[in-house]
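*Asks:* Generate coordinates for the sequence data below:
(chains A and B)
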Protein chains: 2
Amino acid sequence: MEPGAAGDSRPAKPGPCVSGAALAASGEPGRRMPTVAAVLPAGGCGERMGVGTPKQFCPILERPLISYTLQALERVCWIKDIVVAVTAENMGVMERIVQKYQHTRVSLAEAGVTRHRSIFNGLKALAEDEPGCKLSKPQVVIIHDAVRPFVEEDILLQVALAAEEHGAAGAIRPLVSTVISASADGCLDHSLERATHRASEMPQAFLFDVIYEAYQQCSDYDLEFGTECLQLALKYSDTKAKLVEGSPDLWKVTYKRDLSAAESIIKERISQEICMVMDTKEDTERVGYLLEEVLKKELNNVKIVSGVRSHGGRDIQQITLPQCYNFVCVNGAASDFPETQQLLSVLEQSSLSILYPVVVVLVYFLDFKSVPLGQKMESLMWIREFAKEVKKRNILLCGLLICYPQIVL
Amino acid sequence: MEPGAAGDSRPAKPGPCVSGAALAASGEPGRRMPTVAAVLPAGGCGERMGVGTPKQFCPILERPLISYTLQALERVCWIKDIVVAVTAENMGVMERIVQKYQHTRVSLAEAGVTRHRSIFNGLKALAEDEPGCKLSKPQVVIIHDAVRPFVEEDILLQVALAAEEHGAAGAIRPLVSTVISASADGCLDHSLERATHRASEMPQAFLFDVIYEAYQQCSDYDLEFGTECLQLALKYSDTKAKLVEGSPDLWKVTYKRDLSAAESIIKERISQEICMVMDTKEDTERVGYLLEEVLKKELNNVKIVSGVRSHGGRDIQQITLPQCYNFVCVNGAASDFPETQQLLSVLEQSSLSILYPVVVVLVYFLDFKSVPLGQKMESLMWIREFAKEVKKRNILLCGLLICYPQIVL
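*Replies:* This next block holds a predicted model:
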């Protein structure tokens, strides 16, 4: 199944839910959604990453990887609670991440020494049979990895509904490499048929009772050395998981190089749209539209939001609605750029830049001959100072000075 | 086994071989190296990449991916011939790549419609039984993927020697995901034991006769739908392949995101060393050493080659030997920067920048009060023009102007 268009997978404000039509879109409009919670084991130390920081806390565009994953789950309004299992030593780090990026619906549990023990602890926090449990037991629980930040609502919905029906469900992907079985002397025994084998990925979902009972019954050996929750459900709850084909985006950030890959995906997502803001002076408007035409021609894959003009700031208030992260602000000769100031003020008040950097390019048409040198310098200094100021709030302001008489209009 | 240090994996000039001690290092100094050739199937269309260009031709830092892989094989002097199988429509593209990046030892064969048919065509070009065959039959043939650019000499040597001994050998990696077997109704049948299964990767190596005979005997079904050469050697030549543990660098560039990951690895490799060039004027030298100290402190992982001073260009001639891609050139008050000019001239004459961009930062200490404005402007214009000029040859020149009287020495 095709994931949503690039525009749809764009994040909303932190916390709030952008979805709603998901169940209708699943082709079963009459079906009632079960209550759903999610458990995220995040106790790993990231040894394969080859860096000191556990991979779930590694920064991508200065924000920790796990925050992207939490955001992906929080965008889905039918996931009521998200339990993150972190080690005691990283509890403080995780609390600060939840606070800084305004994550809601997140509770923390203590991770165990293995992945299975961490998931078990996460489930206990939802089980209602522990003293002091503040969360309510869901019908279905989704288990996901903290290091798979690009999970879409579509696949979450598919595994949750399949779990309600079958007791267990998990995302799968075709094998990238042939899998072989080795003999004891380190030689090829046989290679497996690719057609009948799949890679088991995340997310997986279970009827809460199915997986919780499996964990309560399973052996210490399973908790220490097992890796596959679907296998536990089969072995201890006699539940055969439904397999659901996932998209390549489900891939797991494993090695250091994957951080660069993840960054490139995020950059591409937040670069799909540019919003142009022009002041209403005639000349500027004309040049602004020419600029818009050029941008449309040069940036084939980028949507240019048609020139929003500013009338005392009203229109600017509305332009953050489409969750645009890139602005071009075309200014006439005024030296304090009221439109840009308004835009920056709106952006600062919104929580947009908490999640991703916002880029504002201030295009300044300067009548080089008639404007005195002092005023030019003042404008340039203003841009520089203002850029320093807004950078603290993750807004990147660049000034582009164009000498007016040189332009043939 | 640990791959070589970052410095060792740096590329030499295109073509020539940097290795030599490989066989001695393998722990079998008395053993004679068999004759070895390599076959690279490169006929794929890269459908998983989601871009128009087949992935082996996608650019990384403006150079096609396959050129990095060819370079990795050419660095190994005991690989005598490299046969690349490309489709008829991409033959011209491939010829231009070989010429532009000065690849030696590369012959082209026509790809078939499947991976196996392409490999078979590559083997035929080496078999000496075809009319017009210009290459000589090797004892051992390595089969590698065009889209695994980070293969090290170490693993190539291991599979080649194991192939000589066992008839066949292949690189393997631990499984990243659990592999499951699906039942006919799309449910989990069972999950495979991770401990006894491995992902089969590339490179693989074979006694030439073993794999060539296997291909001559195998069925059309194998040629159409099979993927695993090791399996063909087992089935048709009764040869059990030796399995060799590879490093994570063997990974295959598969999705668009992997191009970003590959770029980050290459950037890291060519950023490991900075060479400082200073003129011999006393003040400059002093400031240069201070700058060196600061760089050493700030860039923990980067090796700073101790200030090479220029005496009429002699020393500069030698500094391209360690294959450094980053230069900081500290200049005194001279307006035409003779040291930088010398360095740029040496770099242009070398073939260093054919493979990777070379960065030169020109640090220019300017006595702002005593130097007339005209001269300052001239120096700046010179840098700008020169930067334009050398950029054509993949050298990126940046100027850093520091006003002299403001520095406390």
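*Asks:* hmm, stretch A:231-238 in reach of chain B?
*Replies:* Yes - among the residues of stretch A:231-238, A:Gln231, A:Leu234 lie within reach of chain B under Cβ under 8 Å from any Cβ of the partner chain. Quick note: C-beta positions are derived from backbone N, CA and C, even for glycine.
*Asks:* ok, and what's touching that stretch?
*Replies:* Stretch A:231-238 is contacted by residues A:116, A:167-168, A:206, A:210-211, A:213-215, A:217-218, A:222, A:226, A:239-241, B:178, B:188, B:190-191 when judged by Cβ atoms under 8 Å, 6 or more residues apart in numbering or on different chains.
*Asks:* if we go to 6 Å?
*Replies:* Here stretch A:231-238 makes contact (Cβ atoms under 6 Å, 6 or more residues apart in numbering or on different chains) with A:Ala168, A:Val210, A:Ile211, A:Glu213, A:Ala214, A:Gln217, A:Cys218, A:Thr239, B:Ser191.
*Asks:* Equivalent analysis for stretch A:205-221, please.
*Replies:* A:120, A:123, A:127, A:138, A:140-142, A:159-160, A:163, A:167-169, A:232-233, A:236-237, A:239.
*Asks:* how far is that stretch from where the chain is centred?
*Replies:* 29 Å (Cα atoms, centre = their mean, to the nearest Å).
*Asks:* Also stretch A:270-277?
*Replies:* 18 Å.
*Asks:* Also stretch A:123-138?
*Replies:* 27 Å.
*Asks:* May I see the buried residues of that stretch?
*Replies:* A:Leu123, A:Lys124, A:Ala125, A:Leu126, A:Ala127, A:Leu135, A:Lys137, A:Pro138 (16 or more other Cβ atoms under 10 Å in any protein chain shown).
*Asks:* CA atoms only: put that stretch into CSV for me.
*Replies:* Presented in CSV, the C-alpha positions along stretch A:123-138 are these (Å, rounded to 0.1, in the frame of the first residue of the first chain):
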residue,chain,number,x,y,z
LEU,A,123,3.5,-3.9,29.2
LYS,A,124,3.4,-4.1,33.0
ALA,A,125,2.9,-0.3,33.1
LEU,A,126,-0.3,-0.8,31.1
ALA,A,127,-1.5,-4.0,32.8
GLU,A,128,-3.6,-2.4,35.6
ASP,A,129,-2.5,-5.3,37.9
GLU,A,130,0.5,-3.5,39.3
PRO,A,131,0.1,-1.1,42.3
GLY,A,132,0.3,2.5,41.3
CYS,A,133,-0.5,1.9,37.7
LYS,A,134,-1.8,5.2,36.2
LEU,A,135,-2.6,4.0,32.7
SER,A,136,-5.6,2.0,31.6
LYS,A,137,-5.2,-1.4,29.9
PRO,A,138,-5.7,-1.2,26.1
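*Asks:* Low-confidence ranges, chain A, go.
*Replies:* When residues are selected by pLDDT under 70, those of chain A lie in A:1-29, A:46-51, A:130, A:279-284, A:306-322, A:332-335, A:368, A:404-409.
*Asks:* if you set the cut-off to 50 instead, what comes out?
*Replies:* Within chain A, the stretches with pLDDT under 50 are A:1-16, A:18, A:20, A:406-409.
*Asks:* Which residues of it lie near chain B?
*Replies:* Within chain A, the positions near chain B by Cβ under 6 Å from any Cβ of the partner chain are A:177-182, A:186-188, A:191, A:196-201, A:227-228, A:230-231, A:240-243, A:248, A:255, A:257, A:260-261, A:264-265.
*Asks:* Inside strands: which ones of those residues?
*Replies:* Judged by DSSP state E, strands contain the following of the residues of chain A next to chain B: A:178-182, A:188, A:191, A:197-201, A:242-243.
*Asks:* so where do the helices sit in chain A?
*Replies:* According to DSSP state H, chain A carries its helices in the segments A:22-25, A:65-74, A:91-100, A:115-124, A:153-166, A:208-217, A:220-225, A:229-237, A:256-270, A:282-298, A:314-318, A:338-349, A:352-355, A:373-391.
*Asks:* I would like the residues contacting the third one, please.
*Replies:* In other words, helix A:91-100. With Cβ under 6 Å, 6+ apart, helix A:91-100 has contacts from A:Pro64, A:Ser67, A:Val86, A:Val106, A:Leu108.
*Asks:* Among these, which one lies nearest to chain B?
*Replies:* A:Pro64 (18.4 Å; Cβ to the nearest Cβ).
*Asks:* how about that closest one, what does it touch?
*Replies:* By Cβ under 6 Å, 6+ apart, A:Pro64 lies in contact with A:Phe57, A:Ile97.
*Asks:* Check whether A:Asp81 really touches A:Ala38, as I assumed.
*Replies:* No - taking Cβ atoms under 6 Å as the definition, A:Asp81 is not a contact partner of A:Ala38, at 7.3 Å.
*Asks:* quick one, which of the two is more surrounded?
*Replies:* Applying other Cβ atoms under 10 Å in any protein chain shown to A:Asp81 and A:Ala38 shows that A:Ala38 carries more neighbours, namely 29 against 19.
*Asks:* who's the more buried one bridged to?
*Replies:* A:Ile82, A:Ile142 (DSSP bridges).
*Asks:* separation between it and A:Glu268?
*Replies:* Computed as Cβ to Cβ, to the nearest Å, the A:Ala38 to A:Glu268 distance reads 26 Å.
*Asks:* can you check A:Pro149 too?
*Replies:* According to Cβ to Cβ, A:Pro149 and A:Glu268 sit 14 Å apart.
*Asks:* quick one, which of these two is more surrounded?
*Replies:* Set A:Pro149 next to A:Glu268 and count neighbours by other Cβ under 10 Å: A:Pro149 wins out with 24 against 14.
*Asks:* is it true that that one touches A:Leu70?
*Replies:* No - using Cβ under 6 Å, A:Pro149 is not in contact with A:Leu70; the gap is 8.9 Å.
*Asks:* which residues touch A:Ile304?
*Replies:* By Cβ under 6 Å, 6+ apart, A:Ile304 lies in contact with A:Ile274, A:Glu292, A:Leu295, A:Lys296.
*Asks:* what's the nearest residue to the third one if we skip its chain neighbours?
*Replies:* This points to A:Leu295. Nearest non-adjacent residue to A:Leu295, counting by Cβ to Cβ, 6 or more residues apart in numbering or on different chains: A:Ile304, 5.5 Å away.
*Asks:* Excluding chain neighbours, give the residue nearest to the most centrally placed residue in chain A in space.
*Replies:* Taking Cα atoms, centre = their mean, the centroid of chain A lies closest to A:Tyr68, which sits 3.8 Å from it. Nearest in space to A:Tyr68, with sequence neighbours left out and distances taken as Cβ to Cβ, 6+ apart, is A:Pro149 at 3.7 Å.
*Asks:* Tell me how far that neighbour lies from B:Ala233.
*Replies:* For A:Pro149, the distance to B:Ala233 - Cβ to Cβ - is 41 Å.
*Asks:* ok, now A:Glu193?
*Replies:* 18 Å.
*Asks:* picking up where we left off before, reformat the contacts of helix A:91-100 as JSON lines; add distance to A:Gln99.
*Replies:* Output for the contacts of helix A:91-100, formatted as JSON lines (distance: Cβ to Cβ, whole Å):
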{"residue": "A:Pro64", "distance to A:Gln99": "12"}
{"residue": "A:Ser67", "distance to A:Gln99": "11"}
{"residue": "A:Val86", "distance to A:Gln99": "14"}
{"residue": "A:Val106", "distance to A:Gln99": "10"}
{"residue": "A:Leu108", "distance to A:Gln99": "12"}
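*Asks:* Tell me, how many residues neighbour the closest residue to A:Asp81 other than its chain neighbours?
*Replies:* Spatial nearest neighbour of A:Asp81, chain neighbours left out: A:Ala37 (4.2 Å); criterion: Cβ to Cβ, 6+ apart. Neighbour count of A:Ala37, defined by other Cβ under 10 Å: 24.
*Asks:* Over to the one 4 residues further on?
*Replies:* Applying the criterion other Cβ under 10 Å, we find 27 residues in the vicinity of A:Pro41.
*Asks:* Good, wrapping up.
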